[in-house]
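*Asks:* Structure, please.
(chains A and B)
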2 protein chains.
Amino acid sequence: METKAQVLYDFAAEPGNNELSIREGETITITNQNIGGGWIEAKNSRGEVGLVPEDYIETSNGNNPWTVFDNNASGGFSNNWAAQPEGTETGKTSSNAWPSGGHGHPQAYQGPGAEDDEWDEEWDDVKSSGGYAESEAGEGGAINRGGAHGSSMKIALNKFPGFSKSGPELYLLSKQPAKGTKLPVYSGEVGPVWAYPDYQLDCVVADPKKGSKLYGLKSYIEYQVTPTTTNKPVNHRYKHFDWLYERLLEKFGSAIPIPCLPDKQVAGRFEDEFIKMRMERLQGWMTRMCRHPVISSSEVFQLFLSYKDEKDWKMGKRKAEKDETVGVMVFSTIEPEGLPDLDLIEVEQKCDQFNRFTRAMDDGVKDLLTIGNEHWKRCTGPLPKEYQRIGKAFQNLSSVFTSSGYEGEAALTDALTAAGKTYEEIAQMVAEQPKKDLHFLMETNNEYKGLLGCFPDTVGVHKAAIEKVKEADKLVAAGKITPSDKTTMSKRASTMSYSLQAEMNHFHSNRIYDYNRVMQQYLEQQVKFYEMIADKLRHAHSQFTTM
Amino acid sequence: METKAQVLYDFAAEPGNNELSIREGETITITNQNIGGGWIEAKNSRGEVGLVPEDYIETSNGNNPWTVFDNNASGGFSNNWAAQPEGTETGKTSSNAWPSGGHGHPQAYQGPGAEDDEWDEEWDDVKSSGGYAESEAGEGGAINRGGAHGSSMKIALNKFPGFSKSGPELYLLSKQPAKGTKLPVYSGEVGPVWAYPDYQLDCVVADPKKGSKLYGLKSYIEYQVTPTTTNKPVNHRYKHFDWLYERLLEKFGSAIPIPCLPDKQVAGRFEDEFIKMRMERLQGWMTRMCRHPVISSSEVFQLFLSYKDEKDWKMGKRKAEKDETVGVMVFSTIEPEGLPDLDLIEVEQKCDQFNRFTRAMDDGVKDLLTIGNEHWKRCTGPLPKEYQRIGKAFQNLSSVFTSSGYEGEAALTDALTAAGKTYEEIAQMVAEQPKKDLHFLMETNNEYKGLLGCFPDTVGVHKAAIEKVKEADKLVAAGKITPSDKTTMSKRASTMSYSLQAEMNHFHSNRIYDYNRVMQQYLEQQVKFYEMIADKLRHAHSQFTTM
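*Replies:* Numbering: from 1, shown residues only, chains lettered A, B, ... in the order given. Predicted structure coming up:
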């Protein structure tokens, strides 16, 4: 069971830090992969054991941003489908211990001396606000970010310790009046739908700037986020995005799948490319959130996009963190408008249908990612190498011909050299093409993989609620609830189902839009690519003289 | 040093023939590869040893017609360059013991019950004519066909036993008057050139027909050969082509590289494809011979193309076989017209220059064949498989989408299915493309590889002559030759050099023509290919609706 790894870059251990110095090309044995924080424990050939940055080594030949997605796909992800939604029980990871293992971008390695923007920075302001105090206290309200790339979403079913662990009955049997903004569900053309705003919010994430604090001891990247509503930019660091994610997850996660943020990564080596990639993914995430009618109109999201000043931001944060309508209680704010109550059989059928669909789509998306990943490897590896060799062979033959001493073959040798160079150019085009087309296809599918990874939890909440309603008769018989409670439970399960249906319809319409767009973009770029090759070869062909 | 082989097809041993029954998929150990006649000795897992047809097994993964060329390239061929031209000494293979080992077309396997057209047929008429009697007698005049694919040409320096073995002095010191048609060499624009006819002969090899003899016991394929001069077709079997090859080799081989015929192969399984392939290659060989001014105007070649009747053919054959102006004596018929005698230094320089060029070109051609072979494998193997998988993934996603139950996504799913099918079509196009372009590039380079494989022998004759002339002073001093003999030798070496230069110039002009043509053809087909892909993808793109 020993895992060998190849060292990609030199790394010099810092004394007294349990680190192990490694050299490029060295083979090491991984002794503990569960260190976390971007480190793993490894042993070198001399038997020395210590910590090395996981981005400095590779265990298999990953040469593109999607390699690890596949690895995760077989392991961590499929477990989610099998796991029952146990709510708070699995969440033992404290929210600032980042599980950065297995992020996707091999070009983003931490170079020697590179400042890590938020890595080892203390989250003091967050801690002092109390928002994470509970999560660190233990089981209550713990949030597990799961594996890499949003393949899991553990919903905070219960923010405060002391409530029942089992989840949905907190809402099903709640006697409290609903607090917070109402979330209506209407009957639309395609079935139950959320209330969509007239104006479609969007925002631009741009202009990443390096900032620093503590007299330059700590540096970080700040992104400019400009909503299309106010058109006034606000600045946010990655940790603010993460704060937003946590709030959205706590508040809406039972009803709406909240995809994970792009991975927190160790920056370095190709820092600019990494920042660009993260920004692109943050933009994707923000756009998706903006598109969601419930999320985009929520107070916390509006605060994030358009706080007036530091004071406004701090106050808004504190308020959001004190929000009690979180977890399953979000359903208490959902109000089906003009929709008849559904019986339990219908509720269950809908839930099962969504479950089947999201599972099937998850399989399809992962399949496409695996294939895309292999295609990426071929297009950037052996294929251009082969075109290059063909190009070199033509040019080589041309220079042999030139040495013949025979008169009047310049026309042939010039054309042959040009043809050879053309194939070398094609080699380069082939190698660069995936960035122009496959990249977006992969990014979109990767986003969907993250989103689909949230569904088992969302569906799980609903299944748990259905089970509770099924038990209602027994509970009435045992005198634990009243017949009126039972009626309420059934009605609330119906509300939950409308919420889920509205969310599924939102998902479907977005999916159709996204896949339409990405397929068009992919095919358009593919057409351009093949046209360009044909053009180049046509030109090469024209260099030969007809005899 | 054990060589394992995979059994490709079932083969049932005939009792009493030392054969070994083998089954498809079985692994066997080759115990003797030098059996000949298309058989090798092998041992199965039960320890039983016997003969198996070598075409029923494979030792490495050869999956296209050029695999074996490469294998030969490293072994048999490069040896030719190192070997000194020993003339008759290496030729111990009797001419009807076919070295069929390692032929190139894996699709042409001998199927069960398939008749082999000339395989086990006795060459009775050839034998009775006496033409092969000498070659079977031993060293004198033996002709070794060398390895597969014309990578070697052993020249019959001396047809009749009793003459000196060492070759060129037979001509250099010959006292006999030259016999046969004169072969003039003129001073052309590019240097010494053969006398080119006004009319460029060509012929069409077509219409292969199965014939039989011995009341149907033996069957063979007869090709129709129609020269552009008479436009009257004559019929020839493969063995007639081979007879012609032998005559041309004997007669002109010292002065003109005579490329081997396409391999004699065990027919069967895909007999039609094999016959087509052989015909195509016979056509290539005949066209090359027609293009050569000396060969095309020779009596034996004219006989082959335009004999009047069976009697004419038989008589012509007998005459050709009795021709005494063979081997180095061909130089006695060469007459440089209006060209000054060259001194030995010039002769040697020219010879060395041609040697360098043909070696360099041989390397270049073999390099291109190796690369082309790999490209062939990729284009027919992993690449289309990948496009197919991409196509399937799109179609699969489309059918998952169809199962959503969401209304109004038919436009997307139809387009996605169409895109998927397009990639499946592209997969097929990719797999079939090499037959349309790479094939001809490979065939031409393969022809040149065969031709270049003859040059070491041709150049060797010249080098041996140069050495003899260098020894002339010593021979005069020893009283073995007269000073007048020495002058004759020097003059004749000059004649040989003009012959070589004329031949090189012929080679160069053909080379320029051939490579110009094949590169144009290749690029033209490549352009069409990429345009077709772009068209298909453009159509797939148009199926998506703009939102």
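*Asks:* What is the longest helix of chain A by residue count?
*Replies:* The longest helix of chain A (DSSP state H) is helix A:483-542.
*Asks:* Now do that helix and helix B:483-542, the angle between them.
*Replies:* Interaxial angle, helix A:483-542 versus helix B:483-542 (axes from the mean of the first three to the mean of the last three C-alpha atoms, to 10 degrees): 150 degrees.
*Asks:* Helix A:483-542 near chain B anywhere?
*Replies:* Yes: looking at helix A:483-542 against chain B by C-beta under 8 Å from any C-beta of the partner chain, the contacts come from A:504-505, A:508-509, A:511-513, A:515-517, A:519-520, A:523-524, A:526-527, A:530-531, A:533-534, A:537-538, A:540-541. Placement of C-beta: from N, CA and C, glycine included.
*Asks:* which of those are buried?
*Replies:* Buried subset of the residues of helix A:483-542 next to chain B (neighbour count, 16 or more other C-beta atoms under 10 Å in any protein chain shown): A:504-505, A:508-509, A:511-512, A:515-516, A:519-520, A:523-524, A:526-527, A:530-531, A:533-534, A:537-538, A:540-541.
*Asks:* Which single residue of the stretch 351-500 of chain A approaches chain B most closely?
*Replies:* residue A:406 (4.0 Å; C-beta to the nearest C-beta).
*Asks:* doesn't residue B:501 make contact with that residue?
*Replies:* No: the pair residue A:406 / residue B:501 is not scored as a contact, 10.8 Å apart, by C-beta atoms under 8 Å.
*Asks:* okay, the two: which has more neighbours?
*Replies:* Legend: neighbour count by other C-beta atoms under 10 Å in any protein chain shown for residue A:406 and residue B:501, higher for residue B:501 (23 against 18).
*Asks:* So that one versus residue B:218, what's the distance?
*Replies:* Applying C-beta to C-beta, to the nearest Å, the value for residue B:501 to residue B:218 is 47 Å.
*Asks:* where does the stretch 51-200 of chain A have low pLDDT?
*Replies:* Under the criterion pLDDT under 70, the flagged ranges of the stretch 51-200 of chain A are A:60-166.
*Asks:* Which part of it gets nearest to chain B, residue-wise?
*Replies:* Counting by C-beta to the nearest C-beta, the stretch 51-200 of chain A gets nearest chain B through residue A:190, at 5.3 Å.
*Asks:* In three-state terms, how would the residue lying closest to residue A:519 once chain neighbours are set aside be classified?
*Replies:* Excluding its sequence neighbours, the residue lying closest to residue A:519 (C-beta to C-beta, 6 or more residues apart in numbering or on different chains) is residue B:544, at 5.8 Å. Secondary structure assignment for residue B:544 (DSSP: H, G, I helix; E, B strand; the rest coil): coil.
*Asks:* got the contact list for residue B:544?
*Replies:* With contacts defined as C-beta atoms under 8 Å, 6 or more residues apart in numbering or on different chains, residue B:544 is in contact with A:516, A:519, A:520, A:523, B:411, B:412, B:415, B:419.
*Asks:* Can you pick out the most distant pair from those residues?
*Replies:* Using C-beta to C-beta, those reach their maximum pairwise distance at A:523 and B:411, which is 14.9 Å.
*Asks:* Let me see the residues that make contact with stretch A:500-518.
*Replies:* Looking at what lies outside stretch A:500-518 - C-beta under 8 Å, 6+ apart - the contacts are A:185, A:188, A:190-194, A:255-257, A:288, A:291-293, A:350-351, A:354, A:357, A:361, A:440-441, A:444, A:447-448, A:451, A:458-459, A:462, B:397, B:401, B:404, B:406, B:408-409, B:412, B:415-416, B:544-545, B:547.
*Asks:* Give me the subset of those lying in strands.
*Replies:* Among the contacts of stretch A:500-518, the ones falling in strands (DSSP state E) are A:185, A:188, A:191, A:192, A:193, A:194.
*Asks:* Could you list everything the second one pairs with in the sheet?
*Replies:* Right, residue A:188. Judged by DSSP bridges, the bridge partners of residue A:188 are residue A:191.
*Asks:* Just to check, residue A:364 is in contact with residue B:392?
*Replies:* No: using C-beta under 8 Å, residue A:364 makes no contact with residue B:392, being 10.5 Å away.
*Asks:* residue contacts, the closest residue to residue A:342 other than its chain neighbours?
*Replies:* Counting by C-beta to C-beta, 6+ apart, residue A:494 is the residue found nearest to residue A:342 once chain neighbours are left out, at 4.3 Å. Listed by C-beta under 8 Å, 6+ apart, the contact set of residue A:494 reads A:336, A:341, A:342, A:343, A:347.
*Asks:* Mind doing that once more with 7 Å?
*Replies:* Residues near residue A:494 by C-beta atoms under 7 Å, 6 or more residues apart in numbering or on different chains: A:341, A:342, A:347.
*Asks:* what do you get for residue A:341?
*Replies:* A:491, A:494.
*Asks:* distance of it from residue A:506?
*Replies:* Residue A:341 is 22 Å from residue A:506, by C-beta to C-beta.
*Asks:* Ok, residue A:397 next?
*Replies:* Taking C-beta to C-beta, one finds residue A:397 at 61 Å from residue A:506.
*Asks:* What of residue A:324?
*Replies:* 25 Å.
*Asks:* Ok, residue A:516 next?
*Replies:* Residue A:516 is 16 Å from residue A:506, by C-beta to C-beta.
*Asks:* next one: residue A:356
*Replies:* Distance from residue A:356 to residue A:506, by C-beta to C-beta: 18 Å.
*Asks:* neighbour-wise, which of those two wins?
*Replies:* In this view residue A:356 and residue A:506 are compared by other C-beta under 10 Å, and residue A:506 has more residues nearby, 19 against 14.
*Asks:* and the two most separated of the ones in strands among the contacts of stretch A:500-518?
*Replies:* Across the ones in strands among the contacts of stretch A:500-518, the longest distance by C-beta to C-beta is 11.4 Å; it joins A:191 and A:194.
*Asks:* neighbour-wise, which of those two wins?
*Replies:* residue A:194 (22 against 19).
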